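# Task: produce atomic coordinates for the following.
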Amino acid sequence: MSPIFFQDEAGKQVRSAIKIKNTSKSHVAFKFQTTAPKSCFMRPPGAILAPGESLIATVFKFVELPENNEKPMYQKSRDKFKIISMKVKADVDYVPELFDEQKDQTAAEQILRVVFLNPERPEPALEKLKRQLADADAAVAARKKPPEDTGPRIIGEGLVIDEWKERRERYLARQQVEGVDSV
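From the prediction side, this is the model:
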C-alpha cells in the first residue's frame with residue numbers, strides 16, 4: 001500500500017497530486033475509487049492512456065475538524081484510495097461503465113493510504129507534495145492552453161481567411177503606396 005500525502009488543514013479542502021503512467025505496450029483504462037466518496041474526489045476521475053503516456057491527476061479531500069478538541073493526527077487516516085486499471089482496445093472511448101462492461105478482463109489495483117502532513121513542520125514529503133502540486137497545476141494549464149495556430153485562421157462564423165490572400169492584399173497595398181509615391 002503506497003501513501004498519498006495531504007497537508008493537514010482542518011476544515012479545508014486540500015489537494016494532492018499523483019502521476020499515473022502506462023508502462024504497458026497496450027492502451028490502459030483507469031478509474032479512481034475511494035472509501036470516502038463524500039469528502040474525496042479526483043480530476044480526472046478516469047481516462048484511457050496510450051502506451052507510454054502519463055498524466056498527473058489531482059486528488060481533492062475535505063479535512064474534517066477534529067472532534068472534542070482532539071489534537072490533529074498528522075500520520076494516518078482511515079480513508080483510502082484505489083486506482084483500478086485494465087487493458088483496453090485502442091479504439092475504445094472512456095466511460096465510467098467501461099469497468100462494469102468488461103468484468104471478464106483482468107484489472108490491476110493500486111491502493112493508496114492517506115497520510116496527513118503537518119504544514120508547519122518542514123519535511124521531505126511536504127516538499128515533494130508541493131512539487132507534485134506545481135506539476136499538476138502546470139499540466140492543467142497546458143491542457144487549457146489553446147493549440148498553436150498552424151493553418152488558416154477562422155474569424156467569425158465560418159469565414160476563412162487564406163494566408164495567400166492576405167499576402168496578396170498586402171502586396172497590392174504596397175504597390176499602390178509605391179505608385180502614389182512615384183507620381
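# quick one, helices of the chain?
98-101, 124-144, 163-182 (DSSP state H).
# Find the residue ranges of the chain scoring beneath the pLDDT cut-off.
Scanning the chain for pLDDT under 70 picks out 1, 68-76, 145-164, 177-183.
# could you redo the last one with a cut-off of 80?
Along the chain, segments meeting pLDDT under 80 span 1, 65-78, 101-106, 140, 143-171, 174-183.
# Which stretch among the helices of the chain approaches Lys89 most closely?
Checking these against Lys89 by Cβ to Cβ gives helix 98-101 as the closest, at 10.9 Å. The C-beta positions use only the backbone N, C-alpha and C, and glycine is treated the same way.
# contacts for that closest one?
29, 31, 46, 84, 86, 88, 92, 107 (Cβ atoms under 8 Å, 6 or more residues apart in numbering).
# From those, pick the one nearest Gln175.
Val92 (56.9 Å).
# How about the contacts made by the closest one?
By Cβ under 8 Å, 6+ apart, the residues touching Val92 are 27, 29, 48, 98.
# all strands for this structure, in order.
Secondary structure of the chain (DSSP state E): strands located at 2-7, 13-21, 28-34, 40-43, 46-49, 54-62, 76-87, 107-117, 153-155, 159-161.
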